[in-house]
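Q: Attaching a predicted model along with its sequence, questions to come.
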Amino acid sequence: MKKLLWVILGAAVGIVATRSFAATPQGRDFALTLDARAKEFGGAVAESYRSRQAELRAAIGSADDSSI
């Protein structure tokens, strides 16, 4: 129970600190940069996933064609 209290307390302190930092101009710039990088990374991961999925589907398709 004591560990749960520390986790909740740590999360609350982190949220307060993040909101305070984001209220400054430097904090807003940092948050916008971080958001843009996260979206770019997410886009790259999604594109890689779609590419690999297409490769696997093509491999399965060619395997199905050769068994007929």
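A: That came in fine, so what should we check first?
Q: can you pull the pLDDT of the residue nearest the centre of the chain?
A: Residue closest to the mean C-alpha point of the chain, counted by Cα atoms, centre = their mean, is residue 42 at 5.7 Å. As predicted, residue 42 sits at a pLDDT of 98.
Q: And residue 24, by the same measure?
A: 93.
Q: With residue 18 instead?
A: pLDDT at residue 18 comes out at 88.
Q: Just after the host helix or strand of it, pick out the following helix or strand.
A: Per DSSP states H and E, residue 18 falls inside helix 2-22. Sequence-wise, the next helix or strand downstream of helix 2-22 (DSSP H and E) is helix 25-66.
Q: between that next one and helix 2-22, how big is the angle?
A: 110 degrees (axes from the mean of the first three to the mean of the last three Cα atoms, to 10 degrees).
Q: any idea how far helix 25-66 is from the chain center?
A: Averaged C-alpha coordinates place helix 25-66 at 10 Å from its chain's average position (Cα atoms, centre = their mean, to the nearest Å).
Q: who touches the helix holding residue 18?
A: If you take Cβ atoms under 8 Å, 6 or more residues apart in numbering as the criterion, helix 2-22 is touched by 27, 28, 30, 31. (C-beta placed from N, C-alpha, C; glycine too.)
Q: Could you check the pLDDT of the third one?
A: The per-residue pLDDT reported for residue 30 equals 91.
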